[in-house]
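Engineer: Predicted model follows, preceded by the sequence.
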Amino acid sequence: MLDLVKFLLVLVFLLYACKLDLESRIVPNRVWKYMLLSSIPITAYQLATSYYLMVHYLVAVFFVLMVIALSYALYLIGAYGGADAKAIMCLALIFPFYPTFSNFPLFGHSFSFAFSTLANSVVAAPFLMIFMFLRNIVREGWKGLRGNVLYYFTGYRAEVKNLPKFHNLLEFIDENEEFKRVRRAVEPDDRMLERLKRSGVEKVWVTPALPFLIFITAGYIVAFIFGDLLYLLISTILSW
């Protein structure tokens, strides 16, 4: 029951962090500080009242340090932002042992809940592409698929006069007033948006610049309910 309480408590902070990240691309350090302050006492109580062998504690400490080091290394190489790294580091400290409740996780767990969250967040990205594709099939139809296969998986068409915030352009008007279509989305500036509105183009393909923290939160939920999807996939392949 304490694992469930702790999971839900941390989930509230992660959802709030996602909201801030979407609105301003800034997640203050106080979010992670309060998440730790509210969750670590539960972890401390669990560790004080558990009956693990000393070797289990040593292994848990090793994996906590390993995940923290990995999170920081990924941040240093630019794989994600500082807020993402802090989220994974906090999860490693809050969940030194994999949380369980009733029959959850349904498919078993791996050595680290924080690492499973990170692994699941990477696995979650393709599901967004599938969702985009199905959405475009419904809105644009099969006829629009020709010549737009990549766009069907990575974006959608939006009205130029009402372009959504935090979206990058797959179609735009360049400095020479020429209409361009690109595979790698471009972050628009004010001049680019002004050229688009002036051109008379009604709709362009855009792709959401979603913060990775959203995928981390999705991976966190999946890790608690289902387990480590990447670990499950590798185990299944090796068992064939």
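Structural biologist: Thanks, I have it. Residues are numbered from 1 along each chain as shown.
Engineer: From residue 151, how far out is residue 126?
Structural biologist: From residue 126 across to residue 151, the span is 16 Å (C-beta to C-beta, to the nearest Å). To be clear about C-beta, it is placed using only N, CA and C from the backbone, and glycine gets the same treatment.
Engineer: What segments of the protein are helices?
Structural biologist: If DSSP state H is used as the criterion, the helices of the chain fall at 2-24, 29-49, 54-76, 82-94, 113-140, 149-154, 190-199, 212-225, 229-239.
Engineer: neighbour count winner among residue 126 and residue 151?
Structural biologist: The neighbour comparison of residue 126 against residue 151 (other C-beta atoms under 10 Å) goes to residue 151, with 24 against 10.
Engineer: what's the closest non-adjacent residue to the more buried one?
Structural biologist: residue 205 (4.7 Å; C-beta to C-beta, 6 or more residues apart in numbering).
Engineer: Now do the same for that neighbour: its pLDDT.
Structural biologist: On the pLDDT scale, residue 205 is placed at 94.
Engineer: Same question for residue 197.
Structural biologist: Reported pLDDT for residue 197: 89.
Engineer: residue contacts, the residue nearest the centre of the chain?
Structural biologist: Nearest to the mean C-alpha position of the chain, counting by C-alpha atoms, centre = their mean, stands residue 215 at 1.5 Å. By C-beta atoms under 8 Å, 6 or more residues apart in numbering, the contact set of residue 215 is 121-122, 124-125, 128.
Engineer: now with 10 Å?
Structural biologist: Contacts for residue 215 (C-beta atoms under 10 Å, 6 or more residues apart in numbering) come out as 18, 80, 84, 117-118, 120-125, 127-128.
Engineer: gap between residue 159 and residue 197?
Structural biologist: 11 Å.
Engineer: How confident is the prediction for the residue lying farthest from the centre of the chain, by pLDDT?
Structural biologist: With distances taken as C-alpha atoms, centre = their mean, the residue sitting farthest from the centre of the chain turns out to be residue 176, at 36.9 Å. Note for residue 176: predicted pLDDT of 88.
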